[in-house]
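> A structural model of the following input is requested.
(one chain, ligands or ions: 1)
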Amino acid sequence: MPNSDQVYDTLIVGGGPAGLTAAIYLRRFTRSVALVDKGNSRLRLIPVSHNYPGFPEGVPGHVLLGNLTVQLERYGGTVMPGEILDLRIEDGLFVADYAAEDAEGDPTQLRAHTVLLATGVADAGLPIENWREAIAFGSLRLCPVCDGFDVMDKRIAVATADTNPVGHALFMRTYSSDVTLFERGSPSMLNDDERRRLDAAGVRLIESPLRSVTLDASMKPVLHTEDGEEYSADVFYPMLGEKARSNLALNLGARTAQCDELVVDDHQATSVPGLYAIGDVTVGLNQIAVATGGAARAATRIHNQLPPALRQGSTRPAQAGWTAA
Ligand SMILES: Cc1cc2nc3c(=O)[nH]c(=O)nc-3n(C[C@H](O)[C@H](O)[C@H](O)COP(=O)(O)OP(=O)(O)OC[C@H]3O[C@@H](n4cnc5c(N)ncnc54)[C@H](O)[C@@H]3O)c2cc1C
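Numbers count the residues shown, from 1 in each chain. Now for the predicted structure:
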């Protein structure tokens, strides 16, 4: 149960790799931390990540999440399941409304000197049947930087994106000579220069707009276009975009960029004093390594900016295994 009289050093909103890593750092800096998580980390969608350093055989997203949670518990930290509904500043402190998972009644108020947002992004709706199963199977993929290497020489289908519509298809040519780009609407969103670049790279362009995507008996994607044609592929990258979950910071007037991503400085500070942000919710590359790197930077900055945490009555270094803050 949260203690509503306590003023935490830091409230962390979001328990994906960014939030959990920051919490581990802050607990090891002996700081009091409340970490609230709604349980929708994108890490849960990753069947196996092969580009996160330190795991030569790859690591399933849920395993990484579990390991980080156990590591946090070693230092007396816990994840508080639920959602932060509102964040405001009162008398120089951050005050958050916390709705605990499965709890009824009014939200609890949590107070903190600093807040670290690690709320991630929401993927745009995927108009594909059984999309969770398709992601788990590896026939539907959302992140060319993450897993392009893993689809070497496969038949790759990509849909045009709103910004830089041909960029992802050209990127995938590094991995396969069989890349097809599907237009998503009519009239075409491609200009002459983009068509020339596709042609030069040997990317096939299907101009009739994509109508729907189904899965065949072996879970491979079949792309249906407006003209009634069907195209089989081994993998499909829909590239429909995502939206940063930054509304708590927006309400405080924090500066944002495209897709509501938060703008932060070199220490992950937003434009609102005391409010920091890390991971996918910020401007930059959406990767686990970037999320954990930002967490290290933000946590260290927060610790150094808060009043010193002076250890009493012992000259020995701090030990793990304290009770929860
Ligand atoms: C299919 C797929 C495959 C991927 N593969 C890779 C890969 O191989 N390598 C790689 O580096 N990256 C990969 N990624 C990207 C990676 O998952 C993200 O970069 C990473 O999860 C970002 O971490 P995060 O902590 O910022 O956000 P998330 O992991 O999304 O966590 C955010 C958390 O905040 C919670 N939250 C949001 N709002 C609130 C609120 N108001 N109150 C409480 N909690 C809240 C959410 O429920 C969620 O649990 C992949 C992504 C997908 C979708």
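> Look at residue 126 and report its pLDDT.
pLDDT recorded at residue 126 is 68.
> what does the chain have sitting close to the ligand?
Taking Cβ under 6 Å from any ligand atom as the measure of proximity, the chain contacts the ligand at 13-19, 36-43, 45-46, 49, 51-52, 83-84, 118-120, 135, 142-143, 146-147, 245, 279-280, 286-289, 291. Backbone N, C-alpha and C define where each C-beta goes, glycine included.
> Kindly supply the ChimeraX command isolating those of those residues that are buried.
Selection of buried members from those for ChimeraX, criterion 16 or more other Cβ atoms under 10 Å:
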select :13,14,15,16,17,18,19,36,37,38,40,41,42,43,45,46,49,51,52,83,84,118,119,120,135,142,143,146,147,245,279,280,286,287,288,291
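> Just the residues of the chain next to the ligand: which are in helices?
17, 18, 19, 135, 146, 147, 288, 289, 291 (DSSP state H).
> so the first one makes contact with residue 44?
No. Under the contact definition of Cβ atoms under 8 Å, residue 17 does not touch residue 44, with a separation of 11.0 Å.
> about what we covered before: which residue in the ones in helices among the residues of the chain next to the ligand has the weakest pLDDT?
residue 135 (92).
> In contact with the spatially closest residue to it that is not a sequence neighbour, which residues are there?
In space, and not counting its chain neighbours, residue 135 is closest to residue 45: 5.6 Å by Cβ to Cβ, 6 or more residues apart in numbering. Residue 45 makes contacts with 61, 132, 135, 142, as judged by Cβ atoms under 8 Å, 6 or more residues apart in numbering.
> And the residue of the stretch 201-325 of the chain closest to the ligand?
Residue of the stretch 201-325 of the chain nearest the ligand, by Cβ to the nearest ligand atom: residue 279 (2.1 Å).
> which regions of the chain sit below the pLDDT cut-off?
Residues of the chain meeting the criterion pLDDT under 70: 1-4, 125-127, 314-325.
> which residues of it fall in helices?
17-28, 61-74, 131-137, 144-147, 167-172, 192-201, 247-250, 288-305.
> how big is the angle separating the longest one from helix 17-28?
Pointing back at helix 288-305 there. 30 degrees (axes from the mean of the first three to the mean of the last three Cα atoms, to 10 degrees).
> Point out the other elements, helices or strands, that helix 288-305 touches.
helix 17-28, strand 108-117, strand 275-277 (3 or more Cβ pairs under 8 Å, 6 or more residues apart in numbering; DSSP states H and E).
> Check which residues of that helix are buried.
Within helix 288-305, the residues that count as buried by 16+ other Cβ under 10 Å are 288, 290-295, 297-303.
> repeat for the third one
Within helix 131-137, the residues that count as buried by 16+ other Cβ under 10 Å are 131, 134, 135.
> what do you get for the second one?
Neighbour counts using 16+ other Cβ under 10 Å place 61, 64, 65, 68, 69, 71, 72, 73 of helix 61-74 among the buried residues.
> now it against helix 17-28, angle please.
Orientation check (the same axes, to 10 degrees): helix 61-74 against helix 17-28 gives 20 degrees.
> what's next to helix 61-74, contact-wise?
With Cβ under 8 Å, 6+ apart, helix 61-74 has contacts from 15-17, 20-21, 23-24, 27, 35, 41-47, 49, 52, 78-79, 288, 320-321.
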